[in-house]
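Undergrad: just to be clear, the model below is a prediction. Sequence and coordinates:
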Amino acid sequence: MKAQPTARSILKRLLIDILLTGIALVIFALFHHVLPRQMTSIGTVIENPYKRPAETENSSFLQLPDDSMLLAASGTTGDVLFSDGTVLSASSGKSRPGSSQQNRSRQNSGGNSKGGSALDETSTEAEDSADAEDSTPIWEKFEDRFTDEIIITDTSYTSPDISITVSEETLQNGQITYYLADIYLRDVTCFQSVLAGDTYGKGFRDSIPDMATLSNALIAINGDYYGNTSEGVVIRNGVIYRANPTNCDVCVLYYDGSMRVMPGSAFSVEDAIAQGAWQAWTFGPALLDTDGNVLTDFDSTGRIIAANPRTAIGYYEKGHYCMVVVDGRGDSAGITLPDLSQLFYDLGCTAAYNLDGGNSSVMVWQQDVVNQPSGGGRESSDALLITEVTQYE
């Protein structure tokens, strides 16, 4: 006759089961939330359709090729299935029926820590305003800003392709301190992003100074911390890593030097490829409306809108940009989103975009951290930077 289990043996088995379950949960948490792991990416390369005259067989300004040419240039031979559901045919360069409209209307069903879009949900990639922009090629603009040889001072850097001036500024009678990098470029590929560990994935983090040093950055700021979420758009240095639905605003920098901020619902991977996207970030919100005016209403929580350390980028026109880092939670009070919007308006920007902030807000200039990061700074999954792409003696 089989012996009946005693209360002691039942309790022992129960404790063992609890222990094993706990160990399994710890391993699961480490793998999914702590230990770095590479993620599968779309991996499509968007080739640069714009070349300077010296880089082409003729001196005329090149027009954008169609989608099929871009796909062929990236080595794609079959249909491309994007993670947002869009299917792009390599043979025709056209999306399959329903994909584009579905792409524009899909919303992220869940919330996010960044808040929603600050723009009208009907806003698109502002083709009309883009058409109205000066059509002068980026390499012909602002000639007086560049120098034939590299000239470096404590607050500036100029070369044949890059002009940067960095200054420390204050607002509200000295209560707010911010750092402004005024940037002119003859080649937009000097505006780059770097991924921590040089790997697209979750859990990969590095300090902004280390990423700046490894990338030979002249100036660097923290990015959108893409690795902290699986939503939104990630395009880095012409490579599409992710194009998932989001209710955040998306900022796109194109090969022609233009920059546009749009609601996530208005982003289209077909448009990104056809129009030559070089970078795309998902954080936000937009800091100016589509006409370049101040925004006062934000679809975010009071904690996000309140005064905090901030990192943001501004756009004046093709070839002219700025980076701003605002100190906070210390001698500097930090800045609210409405006041940050007002700052970019006062600077004369036509578009501006908020990036990850708080302890993440760091600016590195000539290998040194120039601001006073809250909590000593925080490692991130990515950084934005300016670097030379042409070697000069």
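TA: Perfect, thanks for sending it. All figures in this text were calculated on a predicted structure; none of them were measured in a lab. Numbering: from 1, shown residues only.
Undergrad: show me what contacts the residue nearest the centre of the chain?
TA: Centroid-nearest residue in the chain: W281, 2.7 Å away (criterion: CA atoms, centre = their mean). Counting by CB atoms under 8 Å, 6 or more residues apart in numbering, W281 makes contact with 223-224, 226, 233-234, 250-251, 353, 355, 384. For the C-beta atoms, the positions are set from N, CA and C on the backbone; glycine is no exception.
Undergrad: and which of those residues is nearest to Y345?
TA: Closest approach to Y345 among the contacts of W281 (CB to CB): Y353, at 13.6 Å.
Undergrad: is that closest one in a helix, a strand, or coil?
TA: Secondary structure assignment for Y353 (DSSP: H, G, I helix; E, B strand; the rest coil): strand.
Undergrad: could I get the CA-only coordinates of the helix or strand where the residue nearest to the centre of the chain lies as CSV?
TA: Using DSSP states H and E, W281 falls within strand 277-282. Presented in CSV, the C-alpha positions along strand 277-282 are these (Å, rounded to 0.1, in the frame of the first residue of the first chain):
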residue,chain,number,x,y,z
ALA,A,277,15.8,59.3,-44.9
TRP,A,278,19.2,59.5,-43.2
GLN,A,279,18.1,59.4,-39.6
ALA,A,280,14.9,59.0,-37.7
TRP,A,281,14.2,59.2,-34.0
THR,A,282,11.2,58.4,-31.8
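Undergrad: what mean pLDDT does it have?
TA: Per-residue pLDDT values over strand 277-282 give a mean of 98.
Undergrad: which strands or helices does whichever helix or strand comes after that strand pack on?
TA: From strand 277-282 onward toward the C-terminus, using DSSP H and E, the following helix or strand is helix 302-305. Helices and strands touching helix 302-305, by 3 or more CB pairs under 8 Å, 6 or more residues apart in numbering; DSSP states H and E, are helix 337-347.
Undergrad: how far does the helix it packs on sit from its chain's centre?
TA: Distance of helix 337-347 from the chain centroid (CA atoms, centre = their mean, to the nearest Å) equals 19 Å.
Undergrad: re the thing from before, let me know the closest of the contacts of W281 to T155.
TA: Once CB to CB is applied, the member of these that ends up nearest T155 is L384, at 19.8 Å.
Undergrad: doesn't that closest one lie inside a strand?
TA: Yes. Applying three-state DSSP, one finds L384 inside a strand.
Undergrad: contact partners for it?
TA: L384 touches 191-193, 220-223, 279, 281, 313, 323, 355, counting by CB under 8 Å, 6+ apart.
Undergrad: just the residues you listed: which are in strands?
TA: 191-193, 220-222, 279, 281, 313, 323 (DSSP state E).
Undergrad: hmm, I235 and Y226 touching each other?
TA: No. Y226 lies out of contact with I235 (CB atoms under 8 Å); the separation is 10.2 Å.
Undergrad: between the two, what contacts are shared?
TA: Common contacts of Y226 and I235 (CB under 8 Å, 6+ apart): Y241.
Undergrad: what's the least confident helix or strand in this structure, going by average pLDDT?
TA: helix 99-105 (a mean of 33; mean pLDDT, DSSP states H and E).
Undergrad: what about the strands in the stretch 151-300 of the chain?
TA: Secondary structure of the stretch 151-300 of the chain, counting by DSSP state E, counting those that start in this stretch: strands at 151-152, 156-158, 162-171, 176-185, 191-195, 201-202, 219-222, 233-236, 239-243, 249-254, 259-263, 277-282.
Undergrad: quick one: contacts for L171?
TA: 178, 335, 339, 343.
Undergrad: do you know how far it is from G227?
TA: Shown here: L171 relative to G227, a distance of 32 Å by CB to CB, to the nearest Å.
Undergrad: how many neighbours does T155 have?
TA: Here the number of neighbours of T155 (other CB atoms under 10 Å) works out to 14.
Undergrad: swap that for N216, please
TA: Neighbour count of N216, defined by other CB under 10 Å: 11.
Undergrad: can you check P209 too?
TA: Using other CB under 10 Å, the number of residues around P209 comes to 17.
Undergrad: OK, contacts around S167?
TA: By CB under 8 Å, 6+ apart, S167 lies in contact with 155, 179-180, 182.
Undergrad: which strand residues bridge it?
TA: Going by DSSP bridges, S167 is paired in beta bridges with L180.
Undergrad: still on that earlier bit, a markdown table for the contacts of L384, including distance to V269?
TA: As requested, the contacts of L384 are exported to a markdown table (distance: CB to CB, whole Å):
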| residue | distance to V269 |
| --- | --- |
| F191 | 21 |
| Q192 | 21 |
| S193 | 18 |
| A220 | 28 |
| I221 | 26 |
| N222 | 25 |
| G223 | 20 |
| Q279 | 14 |
| W281 | 15 |
| I313 | 22 |
| M323 | 27 |
| L355 | 22 |
